[in-house]
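K.L.:
Have a look at this prediction, sequence included:
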Amino acid sequence: MEVILKQDVLNLGYKDDVVTVKNGYANNYLLPMGYAVMATPANKKIHEENMRQRAYKEEKIRKEAEVLQAALQGKSVRVAAKAGANGQIFGSVNNIQVAEALKEQHNYDIDRRKILVDGLKIKEVGTYAVVVNIHKDIKAEINVEVFAE
């Protein structure tokens with residue numbers, strides 16, 4: 001079944017993408033939750049017209065994202081964490097702490113959900129490369145230095 005996504009769905013697509021999914025996934029999850037609408041010919045026409053009107057705005061947003069990517073690329077932030085004598089920290093460093101450090105140290109207000117820390121499992125003192133999803137295909141890599149308080 002073809003559906004038009006109304007918002008970003010993890011591991012499926014981004015807002016306004018037309019994707020093909022299994023009938024059960026669409027009928028039992030995407031459509032009832034309001035994440036998608038069926039891609040009927042009428043909905044496809046409306047979608048195409050909306051996409052044409054949105055092209056100018058999208059280009060402006062993309063340029064702003066590229067500027068932000070250039071500014072963020074290679075930046076380094078320091079995050080303090082309580083650590084033991086062997087360098088193991090108590091708990092782990094998450095995306096919320098990285099977002100707060102970016103705001104305090106470099107004055108960039110990045111949404112915490114766009115900072116990908118989960119795959120790293122930051123549980124030791126050291127320097128880590130963290131990816132920031134700025135836009136659909138625009139990503140920046142920042143360095144996070146974790147040190148013991």
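P.N.:
The structure has been received and is ready for your questions.
K.L.:
And for residue 78, the neighbour number?
P.N.:
Neighbour count of residue 78, defined by other CB atoms under 10 Å: 13. C-beta coordinates here come from the backbone N, C-alpha and C atoms, glycine included.
K.L.:
Am I right that it sits in a helix?
P.N.:
No - going by DSSP: H, G, I helix; E, B strand; the rest coil, the assignment for residue 78 is strand, not a helix.
K.L.:
Was I right to think it contacts residue 148?
P.N.:
No - assessed by CB atoms under 8 Å, residue 78 is found out of contact with residue 148, at 11.4 Å.
K.L.:
Which residue is the nearest non-sequential neighbour of the residue nearest the centre of the chain?
P.N.:
The residue lying closest to the centre of the chain (CA atoms, centre = their mean) is residue 114, at 3.0 Å. Spatially, and ignoring its direct neighbours in sequence, residue 114 is nearest to residue 133 (4.6 Å; CB to CB, 6 or more residues apart in numbering).
K.L.:
For the lengthiest helix in the chain, which helices and strands make contact with it?
P.N.:
Across the chain, the helix with the greatest residue count (assigned by DSSP state H) is helix 41-72. Where contact means 3 or more CB pairs under 8 Å, 6 or more residues apart in numbering; DSSP states H and E, helix 41-72 is packed against strand 2-5, strand 139-148.
K.L.:
For that helix, which residues meet the burial criterion?
P.N.:
Within helix 41-72, the residues that qualify as buried are 65, 68, 69, 72, counting by 16 or more other CB atoms under 10 Å.
K.L.:
and residue 102, what does it touch?
P.N.:
Residues near residue 102 by CB atoms under 8 Å, 6 or more residues apart in numbering: 75, 77, 108, 109, 110, 142.
K.L.:
And for residue 105, nearest residue in space, chain neighbours not counted?
P.N.:
Among residues not flanking residue 105 along the chain, residue 77 sits closest, at 5.3 Å (CB to CB, 6+ apart).
K.L.:
Bridged to that neighbour, which residues?
P.N.:
Beta-bridge partners for residue 77, by DSSP bridges, are residue 144.
K.L.:
Please consider this matter closed, and thank you.
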